[in-house]
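S.K.: Turn this into a model:
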Amino acid sequence: MRRARRIVTAAVLCGGLVAAPGSAQAQPGATGAGSVGAADIAVNGTPAHADPIAPCVVDATPAGRTDPVTVGTRTKYGLGSSTCTRNADGTASVKVTGQRFETSVLQQFGGPVIKVRTFGAGCTTTANGSNGTMELGNVTGITVPQNIPPNHTITVPGTTPGAPPMAEVVLNELIVPVPADGSLTTNAMHIKLFPQGGPASGDILVGSARCSPFGF
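M.R.: Reported below is the predicted structural model:
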C-alpha cells in the first residue's frame, strides 16, 4: 500500500503553469469547474453512467457535496466535495476532495480491485494561464510511485500472453488543448477500460478540476 503525496502538476510551460499566447488576452474572464468524479462505462453490454458527481462551476454553482455514490454495481465513490471560487483579484480557483473510491469492474476478468482511500484535484488561474494540483492517498490494486509525474500511465495486463490490456490507469492526468489557450484539466485518476477492445469499455474519472483564464 503506497501513499502519493500532493504534488504540483508538471506543465507544458513554466513547470506547473500552462500559459496562453498573447493573442488570447481578448477572451472572457477566468473560470473553473470541478467534480468528485464521473463514469461512462459498459461491461458485458450493460451500461453504467454517472454525470459529474458533486459538480461546481465558478460564478454559477459555488460548491457541491455528495454522499456515497454507486455506479452500476462495481464502482463506488465515498463522501466528497468541490468548491469553485472567484478570487478577489478576478482569478478562479477549484478544489475537489473525496474519499473511499473503489472499483471492482476488472475483478470479474481476473484483474485487480482498485481502491483509493483519499484523493483530491485542484487548479487556479493566473493572468494568462492555469496551474493544477492533485493528490492520491493509500492506493491499492496498482503500484503507485511516491512522486507521480504528469500523465503517469499504468497498464493492467490481460491474464494470458498476448491478451489485450484490461485497463490503462492514468495518474496525475494533465489535459491541455492544442494549440494551448491557457486552460487545463487535471484528473487525479483516469481509468480506461479495455482500451484495445474487450468485454468492457469506457472511462472512470476520480477527482477532476478544470480552469481557464479566459473562459471556456
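
S.K.: what kind of secondary structure is the residue nearest the centre of the chain in?
M.R.: When C-alpha atoms, centre = their mean is applied to the chain, the residue found nearest the centroid is residue 187 (1.9 Å). Look at residue 187: counting by DSSP: H, G, I helix; E, B strand; the rest coil, its state is strand.

S.K.: Relative to residue 118, how far out is it?
M.R.: Between residue 187 and residue 118 the computed distance is 15 Å (C-beta to C-beta, to the nearest Å). The C-beta positions use only the backbone N, C-alpha and C, and glycine is treated the same way.

S.K.: tell me the secondary structure for the residue of the chain most remote from its centre?
M.R.: The C-alpha centroid of the chain is most remote from residue 161, which lies 30.6 Å away (C-alpha atoms, centre = their mean). Here residue 161 is recorded as coil under three-state DSSP.

S.K.: what pLDDT does it get?
M.R.: Residue 161 carries a pLDDT score of 88 in this model.

S.K.: Now do the phi/psi pair for it.
M.R.: phi -60, psi 130 (degrees, to the nearest 10).

S.K.: Give me the distance between the two termini of stretch 61-70.
M.R.: In stretch 61-70, first residue to last residue: 23 Å (C-alpha to C-alpha, to the nearest Å).

S.K.: What are the buried residues along it?
M.R.: Within stretch 61-70, the residues scored as buried using 16 or more other C-beta atoms under 10 Å are 64, 66, 69.

S.K.: Which single one of those residues is nearest to residue 127?
M.R.: Nearest to residue 127 out of the buried residues of stretch 61-70 is residue 64 (C-beta to C-beta; 27.4 Å).

S.K.: Name the residues that touch stretch 55-71?
M.R.: Contact partners of stretch 55-71, identified using C-beta atoms under 8 Å, 6 or more residues apart in numbering, comprise 30-36, 39, 41, 48-50, 53-54, 76-86, 92, 94, 100, 204.

S.K.: Drop anything exposed from the residues you listed.
M.R.: 30-36, 39, 41, 48, 50, 53-54, 76-78, 80-86, 92, 94, 100, 204.

S.K.: show me the contacts for residue 165.
M.R.: 155-158, 194-196.

S.K.: Show me these that map onto strands.
M.R.: If you go by DSSP state E, the contacts of residue 165 have 155-156 in strands.

S.K.: ok, and the most crowded of the contacts of residue 165?
M.R.: Within the contacts of residue 165, most neighbours by other C-beta atoms under 10 Å means residue 194, with 23 neighbours.

S.K.: Against residue 213, how distant is that residue?
M.R.: Residue 194 is 37 Å from residue 213, by C-beta to C-beta.

S.K.: Can you pull out the low-pLDDT segments for this protein?
M.R.: Within the chain, the ranges that satisfy pLDDT under 70 run 1-28.

S.K.: again, 90 this time
M.R.: 1-29, 127-128, 146-147, 161-162, 177-181, 214-216 (pLDDT under 90).

S.K.: who's in contact with residue 130?
M.R.: With C-beta under 8 Å, 6+ apart, residue 130 has these contacts: 17-18, 123-124, 182-184, 211-213.

S.K.: again with residue 53
M.R.: By C-beta under 8 Å, 6+ apart, the neighbours of residue 53 are 35-38, 64, 66, 69, 77, 80.

S.K.: can you check residue 164 too?
M.R.: Here residue 164 is in contact with 158, 194-198 (C-beta under 8 Å, 6+ apart).

S.K.: Cheers, nothing more for now.
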